[in-house]
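>>> from the sequence below, what's the structure:
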Amino acid sequence: MSPEALYFHQDMLRVPDGAELYYQSTGDGLPGMVLCDGLGCDGFAWKYLAPFLARRHRVLRWHYRGHGRSGIPDDRTRIGMLYTCDDLRRIMDAAGLERAVVFGHSMGVQVALEFHRRYASRVAGLVLVCGSYGNPLDTFHDSTVLKRLFPLIRRVVERYPEESARIIHAALRTELTVQLAITLEMNRERIARNDLAPYFDHLARMDPVVFVRTLDSLSEHNAWDHLPHVDVPTLVVAGERDRFTPGWISRKMADRIPGAELLLIPEGTHTAPLEAPGQVEVRVERFLRERLGVRTAASPPPAPLEAESPSEAPEAPGKAAASSPGS
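Next up is the predicted model:
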């Protein structure tokens, strides 16, 4: 089926506290796939995976409060993790999805895990990409520097929101910022500037108060205690060189979730779905086919691959890279 022929619908959902949430559905077929973004994102990480999934499945994408096309409630304190699960449940209801495989990138991993904790019956499986189970400020760049600085950053942004917005927006719209991010945080040889630019475009338009309040809510959230109770097929995807969410966090998460599988992208960073889209697609297709009995692509499935070690037996360094499809 050509992309032009895919079913597409978009809408706004007004929730009881007045926030208007944007969502869109593409494609058709069950189980549905729900994609949950990272902090400050409006879908850029799903550029390749979303259309791949939509060939055979209903793909639901949505924007958190104050992100993308979604609005902010009248009470501006109602921002962050505390509200995401109820928002997602209402959006799934509006889109007619009773149950779905929930994908999360970065912050979306915390959203997906918390959603399973609260609405397990709505989750058919989990695909957790380049994210943590909680408290991301504790491990950012394997350092607590950001955690120590964040209270000051938040106070400044809350006290001087307009001035902060002008400074942040001006900085994010420079080519130097984009190039520094690509050089310092991403794999320059794998990431295309046009794939990363939408992130900076969105972040430059975002209210910095919403950003720091959402980040504060993430820093207080932890799903570590819930991981042993995850009772659906789970795939954890990590970048070997991810500095936002170091790979050891993904290993710990996969080890603690019963039966979880781990894909480590060699040389991958926090934007691994954009740096190695083919590798991610092949592994996701295999996961959906073998663990959930479904396929994503119209083409025949790839030849069987050597079985990966279960997460209960942690991999030796480099093992995931050697066994990863497409490497």
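
>>> number of residues surrounding the closest residue to residue 214 other than its chain neighbours?
Once flanking residues are discounted, residue 214 sits nearest to residue 80: 4.8 Å by C-beta to C-beta, 6 or more residues apart in numbering. Just so you know, the C-beta spots here come from the backbone N, C-alpha and C atoms, and that holds for glycine as well. Residue 80 has 22 neighbours, counted by other C-beta atoms under 10 Å.

>>> then residue 113?
Other residues within reach of residue 113, judged by other C-beta under 10 Å, total 29.

>>> list the contacts for the residue lying closest to it once chain neighbours are set aside?
Once flanking residues are discounted, residue 113 sits nearest to residue 223: 4.0 Å by C-beta to C-beta, 6+ apart. By C-beta atoms under 8 Å, 6 or more residues apart in numbering, the contact list for residue 223 reads 110, 113, 114, 117, 133, 134.

>>> among these, who's most crowded?
Highest neighbour count within these, by other C-beta under 10 Å: residue 113, with 29 neighbours.

>>> next SSE downstream of whatever helix or strand that one lives in?
Following DSSP states H and E, one finds residue 113 within helix 107-118. With elements assigned by DSSP H and E, the helix or strand that comes after helix 107-118 is strand 123-129.

>>> kindly export the helix or strand that comes right after that following strand (C-alpha atoms) in PDB.
Later in the chain than strand 123-129, the nearest helix or strand by DSSP H and E is helix 145-159. The C-alpha trace of helix 145-159 is given here as PDB (Å, rounded to 0.1, in the frame of the first residue of the first chain):
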ATOM      1  CA  VAL A 145      25.800  18.100  37.500                       C
ATOM      2  CA  LEU A 146      22.500  18.800  35.800                       C
ATOM      3  CA  LYS A 147      20.500  17.600  38.800                       C
ATOM      4  CA  ARG A 148      22.400  20.000  41.100                       C
ATOM      5  CA  LEU A 149      22.000  22.900  38.600                       C
ATOM      6  CA  PHE A 150      18.300  22.300  37.700                       C
ATOM      7  CA  PRO A 151      16.700  24.000  40.800                       C
ATOM      8  CA  LEU A 152      18.500  27.200  39.900                       C
ATOM      9  CA  ILE A 153      17.600  26.900  36.200                       C
ATOM     10  CA  ARG A 154      14.000  26.400  37.000                       C
ATOM     11  CA  ARG A 155      13.900  29.300  39.400                       C
ATOM     12  CA  VAL A 156      15.300  31.600  36.800                       C
ATOM     13  CA  VAL A 157      12.900  30.400  34.100                       C
ATOM     14  CA  GLU A 158       9.900  30.700  36.400                       C
ATOM     15  CA  ARG A 159      10.900  34.200  37.500                       C
END
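
>>> tell me the mean pLDDT for helix 145-159?
Confidence for helix 145-159, expressed as mean pLDDT, is 94.

>>> try stretch 223-233
Averaged across stretch 223-233, the pLDDT comes to 98.

>>> chain center to it: distance?
17 Å (C-alpha atoms, centre = their mean, to the nearest Å).

>>> quick check: end-to-end length of that stretch?
17 Å (C-alpha to C-alpha, to the nearest Å).

>>> and residue 253, how many neighbours?
27.

>>> pretty sure it is in a helix, no?
Yes: according to DSSP: H, G, I helix; E, B strand; the rest coil, residue 253 belongs to a helix.

>>> in the chain, what spans have low per-residue confidence?
1-5, 295-327 (pLDDT under 70).

>>> all strands for it, in order.
8-14, 20-26, 32-36, 59-62, 100-105, 123-129, 234-239, 261-265 (DSSP state E).

>>> gap between the residue positioned nearest the centre of the chain and residue 29?
Taking C-alpha atoms, centre = their mean, the centroid of the chain lies closest to residue 105, which sits 1.4 Å from it. Residue 105 sits 22 Å away from residue 29, going by C-beta to C-beta, to the nearest Å.

>>> again with residue 189
35 Å.

>>> who has more neighbours out of these two?
Neighbour totals were compared for residue 189 and residue 29, and residue 29 leads with 17 against 7 (other C-beta under 10 Å).
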